[in-house]
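Asker: A predicted structure for the sequence below; I have some questions about it.
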Amino acid sequence: MQTRRIGDAQVSAIGLGGMPMSIEGRPDEQRSVAAIHAALEAGVTLIDTADAYHRDANEVGHNESLIARAVASYGGDTSDVLIATKGGHLRPGDGSWTVNGSPEYLKKACEASLKRLGVEAIGLYQFHRPDPEVPYADSVGAIRDLLDAGKIRFAGISNATPERIRLSNEILGGRLVSVQNQFSPAFRSSEPELELCAELGIAFLPWSPLGGISQAGELGSRFDAFAEVAQAHGVSPQQVSLAWELAKAPVVIPIPGSSRPETIRDSVAAADLKLSAEELDRLDAA
């Protein structure tokens, strides 16, 4: 599989999003572990998670712990695997989402994630979502402090505007390595952030790159151009979507969520799918 960069780390061009393995409708752990092992076997070296990826109030960090166990039980070499997690977004356990971007909370959350992942330093730690009650600079300042303290190897942000990308990079002293925003055929409003990341050489990690858990399977029926290009290549519309995103810029690294070995294998194949300029234009216009 082709590779791309996050900071000075070389990672697979397609990552694995762990969220579907831990929230409502999640599968049993055996299937989730099989999916993670299939991803590693296929060459995936970027796994995305968050402490908020859990279903019940008493299981904060469910996905982090699951991924840590799966990676530890994999028989092959995992020394080049970069696990990316996030802090600042919370789930009380009633299906809702809340935020806490206070520096004190973020530092506490990072310590808890360190323990669940069983590492001395988190590969990539990202501020999950802005908190309207806390100055954004204060939240990113906490991420900077964690970076300076060696608690995290790389620093990133999620759900950010161009202005906040520039501010974060300034606060971090030019050490912002990634931005994780929603981007897919159905959600293209993060194009300015993608373009800015390409300009600055910062990795752009599209979350829900196939349209989200509930709609990923319907991508081909919702967008005719993606279905038609897929048929021409004999692949899935989902594979075409990921290849289209990869073609946007060398900094793009999609992180499709998966809980099945067969779906992550299909996603990984997108890294080798070549689309013509004409096909890319058709997809852009879809």
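Answerer: Here it is on my side, so go on. Numbering: from 1, shown residues only.

Asker: Helices of the stretch 1-150 of the chain, residue ranges please.
Answerer: 29-41, 62-73, 103-117, 136-148 (DSSP state H, counting those that start in this stretch).

Asker: now do the stretch 151-286 of the chain
Answerer: With helices called from DSSP H, counting those that start in this stretch, the stretch 151-286 of the chain shows them at 162-171, 191-200, 219-222, 224-233, 237-246, 261-268, 277-285.

Asker: helices and strands around the first one, which ones?
Answerer: Think helix 162-171. Counting contacts by 3 or more Cβ pairs under 8 Å, 6 or more residues apart in numbering; DSSP states H and E, helix 162-171 is packed against helix 136-148, strand 152-158, strand 176-180, helix 191-200. Where you see a C-beta, it was placed from the backbone N, CA and C, and this is true even at glycine.

Asker: Between strand 176-180 and that helix, find me the angle.
Answerer: Put simply, helix 162-171 runs at 150 degrees to strand 176-180, going by axes from the mean of the first three to the mean of the last three Cα atoms, to 10 degrees.

Asker: residue contacts, residue 53?
Answerer: With contact set as Cβ atoms under 8 Å, 6 or more residues apart in numbering, residue 53 has these partners: 18, 19, 21, 22, 23, 62, 63, 64.

Asker: Tell me who's in contact with the residue nearest to it when sequence neighbours are not counted.
Answerer: In space, and not counting its chain neighbours, residue 53 is closest to residue 63: 3.6 Å by Cβ to Cβ, 6 or more residues apart in numbering. Residues near residue 63 by Cβ under 8 Å, 6+ apart: 18, 19, 21, 22, 49, 50, 53, 54.

Asker: Residue 26 now?
Answerer: Contacts of residue 26 (Cβ under 8 Å, 6+ apart): 20, 32, 55, 259.

Asker: do you know how far the second one is from residue 23?
Answerer: Right, residue 32. Going from residue 32 to residue 23 by Cβ to Cβ, to the nearest Å gives 12 Å.

Asker: Looking at these two, which has the bigger crowd around it?
Answerer: Taking neighbours as other Cβ atoms under 10 Å, residue 32 and residue 23 compare with residue 32 leading, 23 against 18.

Asker: Give me the neighbour count for the residue lying closest to that one once chain neighbours are set aside.
Answerer: Of all residues not flanking residue 32 in the chain, residue 21 sits nearest, at 4.0 Å (Cβ to Cβ, 6+ apart). By the criterion of other Cβ under 10 Å, residue 21 has 27 neighbours.

Asker: I'd guessed residue 21 sits against residue 66; true?
Answerer: Yes. If you go by Cβ atoms under 8 Å, residue 21 and residue 66 touch, sitting 6.0 Å apart.

Asker: intersection of neighbour lists for these two?
Answerer: residue 32.

Asker: Mind listing what's buried along stretch 59-75?
Answerer: 60-71, 74 (16 or more other Cβ atoms under 10 Å).

Asker: average pLDDT for that stretch?
Answerer: Here stretch 59-75 scores 97 as its mean pLDDT.
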